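Asker: structure, please.
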Amino acid sequence: QVQLVESGGGFVQTGGSLRLSCAASGRTSSTYAVAWFRQAPGKERQFVAAIAWIPGSTQFADSVKDRSTISKDNAKETVYLQINNVTPEDTAVYYCAATSQTVVTQDAMDYWGKGTLVTVSS
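Answerer: Numbering: from 1, shown residues only. Next comes the predicted model:
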């Protein structure tokens, strides 16, 4: 089992930055990648970004790729997501997920966090 706990949600002003953390614990040695997904009000959950635990390769959704970074701290077993220049369209519940597979689709995720709400005010 792997436990994932997100933090860093809250209110952000348009044009600002959000930085989220995902702390992993448990049997993390089986994890291939950690991904972030988000679900906006009334919409389906969507992929945001992912990072492979080893060797650290990254993927981003088109909607955030030019203004986002995803990084990890192996010692702390924590993954960070930063999105800059946010707009109200970035308002969503952000979920952290982990998979032992080499694909980062929602169906491939083995474990999910409970999510953290980010609200971008205009």
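Asker: and stretch 78-97, how far from the chain's centre?
Answerer: Taking the mean of its C-alpha atoms, stretch 78-97 sits 7 Å from the chain's own mean (C-alpha atoms, centre = their mean, to the nearest Å).
Asker: in the host helix or strand of residue 35, which residues are buried?
Answerer: Per DSSP states H and E, residue 35 falls inside strand 33-39. Across strand 33-39, burial judged by 16 or more other C-beta atoms under 10 Å covers 33, 34, 35, 36, 37, 38. All C-beta atoms are positioned from the backbone trio N, CA, C, and that covers glycine.
Asker: ok, stretch 46-63 next?
Answerer: Buried-residue list, stretch 46-63, by 16+ other C-beta under 10 Å: 47, 48, 49, 50, 51, 52, 53, 60.
Asker: equivalent analysis for stretch 68-79, please.
Answerer: Quick answer for stretch 68-79 (16+ other C-beta under 10 Å): 68, 70, 72, 77, 78, 79.
Asker: in a markdown table: the residues you listed, plus secondary structure.
Answerer: Compiled in a markdown table, those are given as follows (DSSP: H, G, I helix; E, B strand; the rest coil):
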| residue | secondary structure |
| --- | --- |
| 68 | strand |
| 70 | strand |
| 72 | strand |
| 77 | coil |
| 78 | strand |
| 79 | strand |
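Asker: which of these lies closest to residue 28?
Answerer: Nearest to residue 28 among the buried residues of stretch 68-79 is residue 77, at 5.5 Å by C-beta to C-beta.
Asker: quick one: contacts for the spatially closest residue to the closest one that is not a sequence neighbour?
Answerer: Spatially, and ignoring its direct neighbours in sequence, residue 77 is nearest to residue 24 (4.5 Å; C-beta to C-beta, 6 or more residues apart in numbering). Taking C-beta atoms under 8 Å, 6 or more residues apart in numbering, we find residue 24 in contact with 2, 3, 4, 31, 34, 77, 78, 79, 98.
Asker: try residue 7
Answerer: Contacts of residue 7 (C-beta under 8 Å, 6+ apart): 20, 21, 23, 116.
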